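> Okay, predicted coordinates and the sequence, questions at the end:
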Number of protein chains: 2
Amino acid sequence: MPLSTDIRDVSEIDRFEASADVIVVGLGCAGASAAMEASDTGADVLVVERAGGGGGTSANSGGLIYLGGGTPVQEAAGFHDTPEELYKFLMAASSPAPDEAKIRLFSEGSVEHFHWLEAQGVPFKRSFYPEPSMESETDDCLVFSGGEDAAPYKDIARPAARAHKPQTLGKAGPFFMQCMLEAVERRPLRVELNVRADALLRDSAGRVAGLVGRRAGTEVAFRARAGVVLSAGGFAMNEEMVARYVPQLALAASKNATEGDDGRGIRMGAAAGGALLRMDQAEVALATTIPNRLARGIFVNDRGQRFINEDTYYGHIGIEALFRQRGRVWMLLDEALYERNFIGQEPFHVADDIAEIETEAGFASGVLQATVAQYNRDAERGEDPLFGKRPEFLVPLRNPPYALLDCRAADGPYSGLTAGGLATSADGEVLDIEGAPIPGLYAAGRTAALFCGRGYAGSGISLADGTFFGRRAGRHAAQKR
Amino acid sequence: MPLSTDIRDVSEIDRFEASADVIVVGLGCAGASAAMEASDTGADVLVVERAGGGGGTSANSGGLIYLGGGTPVQEAAGFHDTPEELYKFLMAASSPAPDEAKIRLFSEGSVEHFHWLEAQGVPFKRSFYPEPSMESETDDCLVFSGGEDAAPYKDIARPAARAHKPQTLGKAGPFFMQCMLEAVERRPLRVELNVRADALLRDSAGRVAGLVGRRAGTEVAFRARAGVVLSAGGFAMNEEMVARYVPQLALAASKNATEGDDGRGIRMGAAAGGALLRMDQAEVALATTIPNRLARGIFVNDRGQRFINEDTYYGHIGIEALFRQRGRVWMLLDEALYERNFIGQEPFHVADDIAEIETEAGFASGVLQATVAQYNRDAERGEDPLFGKRPEFLVPLRNPPYALLDCRAADGPYSGLTAGGLATSADGEVLDIEGAPIPGLYAAGRTAALFCGRGYAGSGISLADGTFFGRRAGRHAAQKR
């Protein structure tokens, strides 16, 4: 009895339910983009989706798409962005060891990709929304979402807002995927719903030649003449894989994921010989500083030390807090700055002086007082020599009572998703341990390792990855027919 | 033309140079242990080694072997250790997500393993050497090597010195492997030198059935009837793999590795379907605090903040510094404490007051002064509320001139080796992505992921891993004949 995701020999299959040039597994944004591009390249395309309808985790997202280099929205909103500035930002935000080749392709193709999304029927208002990091509550489009205008990135690349939200009120993931699925429906391609792909099939020449899956408990097989694209999500909902590869993420009480993110696509690809890449990486959100004026408070670790400029993207904060500070961090605010934040954190301690906060929260005596004293001295001069927080966020904390928010991972304020997955070429080909493509096999979206590198460059980078490199995978697979 | 490490079909091979029940690839400590145990279990064993003689990276090491639970040396030296205390230490030092099952086996089998090593002819003097973390200059045996008696571990498990050095003066790796190789020679097993294994062979049932390699440029093939053990080292000397999996290690100017650590064993196993585990992990030594009395100085990061108790194992310091502090750290000493350290670091700045050091080294004004003032206040009371450094290391820094040592990674003081590799069962079976054993395939030593988990528990853990789990792999493979 082979393991459920073990690759199987195509000669074992007696009957194929259907065949196609290109089979796409999963109908989130990556699968939709791969399927459309493969179809437009002339391939006969079949999509298999385990749920009763398309959308996947993309439809459960905020809907931000990270694009730049001078899109029409950026131009209209007064941001002069270029491919080079986008490239510089992504290289810096994805260090160490960013994927230079993919970042270059993405930076140069980003404006074209924007037009392609619009051509599919995804509308973008020509407007900017000043509250950063997440989707607007209005139908406005453009937001800063990666700390582009905060230290250290503001001095590395010219700051430009780059997260583009499809035009709808509030959270845009459902609307975005509705547009994408309607675009899929306009193509002459087939979609098989309620089929969970289980394993790939390989022919005698070693080429991936289809897959077997299950529909209502019954095994079904599909033949792929040119290639299979795995775009079946990440592994955030697979507890065992999370524990094995990125155990810190287990501390994030909430996952930016749906049931399908069980790592099945990744495991199918690995069973076919695909190498796994950056499996220890994750997106981690600590949304304490939403609304962003709360960034005037200070984050401290369990030694009472500041560790980041609080005015940056909450994803950079989340990764720093969870991985480098071991999820043991707090935020200190005073009466003048305090307000309830987006994730509804209640003050853990409230006291009239910092010494009392130290005692109550169990800090070593004096450490928080020293940190606040120094911060206040610097803030008074409008400077943050440690982390470069922008002057408009530098307000001395001098108005008791003081409030300490518990941002420790154990308390549950983190959410996240997995960023590692199958190693792929710039054309989405799944690569083996030596970097050689596995004939007939492609991956896109969170089934592949995040294209740009380590960390998580900014909100919207995953939908950008899925759609941009999903298209490339679909096109390349179609050309093999 | 298949890639050099691609698995090949055994039916392609016309002629086998030799055959054996068990073939062991690589004759470092893991391969020697696997080969001996397989032989002692009754198997006909063949070892292939790429160099002109055995030894591998083990012979280039300090020779410490991490063992505990109450060895004769521990008893003689007055340490009352138990398997449970060893278990508690390894679980804590290998977090998050330690490998509980392997740690349990190792803890319970450690004393027996000590006796086995002695029975092979590896002598251990019944003595303790008080300078921790690395091998003695004398022929003394036992040292603290994982910060067992420092915070936080001293409060988690009863402190016991556990690194055992074979009885010889100074660095013991060469002597240790000489003993082991002599023990190998006493067995009825064959060793083929100057053969670099290139790829595994698989039979029609999917079982690993041998390997092909090269001797002086000519391909040679060997047939394995029961199994192949890959014990061919790690990947520290493969720049491309380091850049892909653990790019931070590229900043370590020196590698605790030899030429053979090019990842070939790992890649051969991966090409056979083996899953890779903890590829982002490494051993990283920052030996600034050798001799250990230098731990009376303070480490600071680029914000002038302390980040660890300086009196712990230099490997814990190295990992913290390189991964969490991004390799941007310094050590501050005063005239009373200064001496030249083991790695010969020269002071980067010397000045009569801390403010001047701040200016010269480019710290934000006041940060180092605040850190030193607080440290001195606490040290005067014999306390380190931030990190729990032991009282005997707490000396106020009050004797100018002050010296700042540059411990930034770019300056080259780090050395390291890779800790990730093939996923294995407790019996050394290589596991696929679903955790199922690949028939006939084993891995041990640095070709496998370090047995205990993340981080690097202490000096000597790698030789312990290689020998202890190497034996298990050899025995299990032999039982399959």
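Cool, the structure landed.
> For residue A:73, which three-state class applies?
helix (DSSP: H, G, I helix; E, B strand; the rest coil).
> now do residue A:84
Residue A:84 is classified as helix under three-state DSSP.
> quick one: secondary structure of residue A:19?
Look at residue A:19: counting by three-state DSSP, its state is strand.
> Show me what the longest strand seen in chain A packs onto, helices and strands only.
Using DSSP state E to define each element, chain A has its longest strand at strand A:218-230. Judged by 3 or more Cβ pairs under 8 Å, 6 or more residues apart in numbering or on different chains; DSSP states H and E, strand A:218-230 is in contact with strand A:18-25, helix A:29-40, strand A:45-48, strand A:196-202, strand A:208-215, helix A:264-271, strand A:437-443, helix A:461-479. C-beta: built from backbone N, CA, C; applies to glycine.
> which residue ranges form the strands in the stretch 1-150 of chain A?
Ranges of strands in the stretch 1-150 of chain A, per DSSP state E, counting those that start in this stretch, are A:8-9, A:18-25, A:45-48, A:65-66, A:142-143.
> Just want the angle from the second one to strand A:437-443.
Strand A:18-25 runs at 70 degrees relative to strand A:437-443, counting by axes from the mean of the first three to the mean of the last three Cα atoms, to 10 degrees.
> ok, residues contacting strand A:18-25?
Defining contact as Cβ atoms under 8 Å, 6 or more residues apart in numbering or on different chains, one finds that strand A:18-25 is touched by A:31, A:34-35, A:38, A:43-48, A:190, A:192, A:197, A:210-211, A:222-232, A:265, A:268, A:474, A:477-478, A:481.
> Okay, now the unreliable bits of chain A?
A:1-3 (pLDDT under 70).
> Residue ranges of each domain in it, please.
Per automatic domain parsing, the domain ranges recorded for chain A read A:8-60+A:174-281+A:419-479, A:65-99+A:118-165, A:284-414.
> I'd like the next helix or strand past the longest strand of chain A.
With elements assigned by DSSP states H and E, the helix or strand that comes after strand A:218-230 is helix A:239-245.
> Contacts for that following helix, please.
A:235, A:236, A:249, A:250, A:263, A:266, A:279, A:280, A:418, A:420, B:97, B:277.
> Phi first, then psi, for residue A:81.
Here is the backbone geometry of residue A:81 (degrees, to the nearest 10): phi -100, psi 150.
> residues touching it, list them.
Contacts of residue A:81 by Cβ under 8 Å, 6+ apart are A:68, A:69, A:70, A:71, A:74, A:158, A:160, A:162.
> so who does the third one touch?
This points to residue A:70. A:80, A:81, A:82, A:83, A:111.
> of those, closest to chain B?
residue A:83 (24.6 Å; Cβ to the nearest Cβ).
> That closest one contacts residue A:69, doesn't it?
Yes - applying Cβ atoms under 8 Å as the test, residue A:83 and residue A:69 come out as touching, 4.0 Å apart.
> and these two? which has more neighbours close in?
Using other Cβ atoms under 10 Å in any protein chain shown as the criterion, residue A:83 and residue A:69 rank with residue A:69 on top: 23 against 17.
> Out of the contacts of residue A:70, which is nearest to residue B:372?
residue A:81 (44.6 Å; Cβ to Cβ).
> Of the helices and strands packed on strand A:218-230, which stretch is the most buried?
For these, average neighbour numbers computed from mean count of other Cβ atoms under 10 Å in any protein chain shown are highest in helix A:29-40, which has a mean of 31.
> what's around the residue in the stretch 101-250 of chain A that chain B sits nearest to, how many residues?
Taking Cβ to the nearest Cβ as the measure, the point where the stretch 101-250 of chain A comes nearest chain B is residue A:247, at 3.7 Å. Counted by other Cβ under 10 Å, the residues lying close to residue A:247 total 16.
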